[in-house]
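Enquirer: Just a sequence and a predicted model for now, questions to come.
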Amino acid sequence: MAFEELLDKVGGLGKFQMLQMTLILPSLMVVVCHSLLENFTAAVPGHRCWVHILDNATVSDNDTGILSPDVLLRISIPLDSNLKPEKCRRFLHPQWQLLHLNGTFPNMTDLDTEPCVDGWVYDHNLFSSTIVTEWDLVCDQQSQKPLIQSLVMVGTLMGGLIYGHLSDRWLVESSRWLIITNKPDEGLKELKIVAHRNGMKNIEETLNLEGLRATMQEELETTQTKTTMFDLFRTPNLRKRTCLLFFVRFANSISFFGIIINLQHFGSNIFLFQVIFGVLTLSVRCLALYPMNKVGRRPIQMLSMFLVGLSILINIFVPQDMQTLRLILASVGISCVAASQTSFSVHQSELTPTIVRAKAAGLDLLANRCGAALAPLLMALVVYLPTLPWIIYGVCPIIAVPVLLLLPETKNLPLPDTIQDVENNKKFSRKASEKDFYIKVTKF
């Protein structure tokens with residue numbers, strides 16, 4: 001609670017903080033765009049087997065007479081259960097007898113077929129080129145696509161671990177970081193800069209080094225010993241919170257990336273879907289703050305994660321041709337997962353003591369990236385059961401709902417400053433602490 005008092009003195013959520021959030025937003029948007037790029041760079045266009053009689057450039061009209069491409073396609077490619085050309089097989093020999101059936105459809109299982117030994121022909125109307133068309137990641141090689149997508153996400157995970165650590169060199173301007181690393185003079189200087197930018201006048205009269213040391217005394221004493229990531233697991237209560245938070249974030253990420261990188265599963269117009277999901281995500285993340293502050297962090301997470309899983313599981317039973325209903329269910333899912341992510345971010349910060357909060361945020365990022373890496377890899381399971389990946393996407397957030405019951409609610413409670421605060425289950429309302437804060441201010 002000590003640092004919150006200092007923030008209140010320098011203007012709280014003022015112009016300085018607003019400017020920081022505005023400046024960081026573009027960089028976050030770029031990161032999100034990279035994650036969503038897989039919908040387009042790894043899109044699977046329509047395809048069929050390459051056949052000599054139809055696709056060989058040296059075959060002229062004189063060789064085939066007056067037969068149209070549709071006719072040649074009919075005698076070369078069998079039809080699937082939806083009466084559309086098969087994507088992964090072709091007739092071993094042209095089936096000329098099919099031209100005399102007058103619209104009837106024979107039993108294709110009696111005709112000899114073979115895999116696409118000469119490659120595929122892709123529909124380039126929507127995508128001129130993707131990694132799927134470049135490397136033929138279809139049919140027997142379709143499991144390679146989710147593997148490549150997963151490796152991309154693993155790359156972001158490794159980059160976060162490496163460059164996240166290196167970025168500490170550029171965080172020295174944070175007054176909080178300066179204070180907890182025993183540089184109170186520099187921290188005080190940064191706080192005064194924040195106060196001036198927030199329009200706070202005569203701040204030197206109430207904000208000085210003695211007052212800073214008095215306010216942050218407990219925190220400064222705690223930070224004499226350097227903390228590590230292992231401190232999140234040394235004590236029982238904090239270890240419990242850390243493990244539960246890791247699982248909840250992991251389950252949340254699996255469902256989020258399961259929806260967001262598989263837009264083709266919901267219909268063909270993925271450009272429209274991307275816009276709709278983007279608008280919904282942005283809107284819900286902002287709107288979720290109001291019920292979260294009224295009802296609490298935990299209830300909003302539980303409700304939203306249950307609805308995420310439910311919408312995904314219901315969508316499994318909706319036919320592919322009912323694209324409007326599939327899109328509505330997917331929109332409900334992406335909206336709820338956005339709400340749960342917003343409430344989780346606040347909840348996670350309020351459950352973690354100040355002294356290890358940055359390390360807990362790093363572990364949270366690790367859980368998020370692990371879920372992001374696993375989500376596309378699960379699509380390789382379609383070779384065993386087409387609905388299996390979506391069952392996992394739906395079940396994971398539902399399992400996380402009872403897990404959230406094991407975490408305490410943090411609405412109207414102050415941030416824990418030390419690990420001991422967590423172990424002692426320190427609880428007192430923010431309203432009560434605000435009264436204490438005003439008493440402390442009058443002493444300066």
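Expert: Structure received.
Enquirer: Would you map the strands across this protein?
Expert: Counting by DSSP state E, the segments of the chain that form strands are 47-49, 89-91, 113-115, 120-122.
Enquirer: Next, the contact list for Leu374, please.
Expert: Neighbouring residues of Leu374 by Cβ atoms under 8 Å, 6 or more residues apart in numbering: Ser150, Ile254. (C-beta placed from N, C-alpha, C; glycine too.)
Enquirer: again, only using 7 Å
Expert: Ile254 (Cβ atoms under 7 Å, 6 or more residues apart in numbering).
Enquirer: And the pLDDT for it?
Expert: Leu374 is assigned 92 on the pLDDT scale.
Enquirer: one step back: out of the strands of the chain, which comes closest to Asn425?
Expert: Closest to Asn425 of those, according to Cβ to Cβ: strand 47-49, at 59.3 Å.
Enquirer: packing partners for the closest one?
Expert: Here strand 47-49 touches strand 120-122, going by 3 or more Cβ pairs under 7 Å, 6 or more residues apart in numbering; DSSP states H and E.
Enquirer: Got the domain ranges for this structure?
Expert: Here the domain parsing of the chain from automatic domain parsing is 48-121, 231-430.
Enquirer: Let me see the mean pLDDT of the shortest one.
Expert: Okay, so that is domain 48-121. 76.
Enquirer: what does stretch 284-304 give?
Expert: Here the average pLDDT along stretch 284-304 is 90.
Enquirer: residues touching Ile276, list them.
Expert: Ser331.
Enquirer: Just the pLDDT for it.
Expert: pLDDT at Ile276 comes out at 89.
Enquirer: do Glu5 as well
Expert: 65.
Enquirer: Likewise for Ile180?
Expert: For Ile180, pLDDT reads 63.
Enquirer: From Arg357, how far out is Asp421?
Expert: Asp421 is 12 Å from Arg357, where distance means Cβ to Cβ, to the nearest Å.
Enquirer: just to revisit the earlier point, out of the strands of the chain, which one sits most buried?
Expert: When the strands of the chain are scored by mean count of other Cβ atoms under 10 Å, the highest mean neighbour count falls to strand 47-49 (a mean of 23).
Enquirer: got JSON lines for the strands of the chain, with distance to Ile261 too?
Expert: JSON lines is the format used below for the strands of the chain (distance: least, Cβ to Cβ, whole Å):
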{"stretch": "strand 47-49", "distance to Ile261": "20"}
{"stretch": "strand 89-91", "distance to Ile261": "28"}
{"stretch": "strand 113-115", "distance to Ile261": "28"}
{"stretch": "strand 120-122", "distance to Ile261": "21"}
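Enquirer: that older thread, which one of Asp421 and Arg357 is surrounded by more residues?
Expert: Ranked by neighbour count (other Cβ atoms under 10 Å), Asp421 and Arg357 place Asp421 first, with 21 against 18.
Enquirer: on that earlier part again, please name whichever of the domains of the chain is nearest to Val30.
Expert: domain 231-430 (13.7 Å).
Enquirer: Distance check, Ile24 against Met18.
Expert: Ile24 is 11 Å from Met18, by Cβ to Cβ.
Enquirer: ugh, wrong one, Val337
Expert: 27 Å.
Enquirer: more neighbours, those two?
Expert: Between Val337 and Met18, counted using other Cβ under 10 Å, the more crowded position is Val337 (29 against 11).
Enquirer: List the residues that contact the closest residue in space to Leu36 that isn't next to it in sequence.
Expert: The shortest distance from Leu36 to any non-neighbouring residue, by Cβ to Cβ, 6 or more residues apart in numbering, is to Ile260 (6.3 Å). Listed by Cβ under 7 Å, 6+ apart, the contact set of Ile260 reads Leu36, Phe277, Ile334.
Enquirer: and the second one, how many neighbours?
Expert: The one in question is Phe277. Quick note: Phe277 (other Cβ under 10 Å) scores 24 neighbours.
Enquirer: now the first one
Expert: For Leu36, the tally of surrounding residues (other Cβ under 10 Å) stands at 15.
Enquirer: And it, how far from Ile261?
Expert: 7 Å.
Enquirer: beta partners of the closest residue in space to Val138 that isn't next to it in sequence?
Expert: In space, and not counting its chain neighbours, Val138 is closest to His47: 5.7 Å by Cβ to Cβ, 6+ apart. On the basis of DSSP bridges, His47 is bridged to Tyr122.
Enquirer: Ile334 is in contact with Ser304, correct?
Expert: No: in this structure Ser304 lies outside contact range of Ile334 using Cβ atoms under 7 Å: 11.0 Å.
Enquirer: Residue ranges in the stretch 201-350 of the chain under the pLDDT threshold?
Expert: Residue ranges of the stretch 201-350 of the chain with pLDDT under 70: 202, 204-206, 208, 211-225.
Enquirer: and the gap between Thr352 and Phe250?
Expert: In this view, Thr352 and Phe250 are 17 Å apart by Cβ to Cβ.
Enquirer: more neighbours, those two?
Expert: Under the criterion of other Cβ under 10 Å, the comparison of Thr352 against Phe250 puts Thr352 first, with 25 against 20.
Enquirer: show me the contacts for the nearest residue to that one once chain neighbours are set aside.
Expert: With sequence-adjacent residues excluded and distances taken as Cβ to Cβ, 6+ apart, Thr352 is closest to Ala360, at 4.1 Å. If a contact means Cβ under 7 Å, 6+ apart, then Ala360 has Leu232, Thr242, Gln348, Thr352 as its contacts.
Enquirer: elements contacting the longest helix anywhere in the chain?
Expert: For the chain, the longest helix by residue count, based on DSSP state H, is helix 323-351. In terms of contacts (3+ Cβ pairs under 7 Å, 6+ apart), helix 323-351 is packed against helix 236-260, helix 270-287, helix 289-295, helix 297-316, helix 357-377.
Enquirer: Go through these and name the closest to Tyr393.
Expert: Going by Cβ to Cβ, the one of the helices and strands packed on helix 323-351 nearest Tyr393 is helix 236-260, 3.6 Å.
Enquirer: Show me which residues of that closest one are buried.
Expert: 238, 241-242, 244-260 (16 or more other Cβ atoms under 10 Å).
Enquirer: okay, the angle between that helix and helix 323-351?
Expert: 160 degrees (axes from the mean of the first three to the mean of the last three Cα atoms, to 10 degrees).
Enquirer: Could you check how far helix 236-260 is from the centre of its chain?
Expert: Offset of helix 236-260 from its chain centre (Cα atoms, centre = their mean, to the nearest Å): 12 Å.
Enquirer: And for stretch 278-292?
Expert: Between the centre of stretch 278-292 and the centre of its chain there are 15 Å (Cα atoms, centre = their mean).
Enquirer: ditto for stretch 403-415
Expert: Counting by Cα atoms, centre = their mean, stretch 403-415 comes out at 23 Å from the chain centroid.
Enquirer: Since that was my last question, I'll sign off now.
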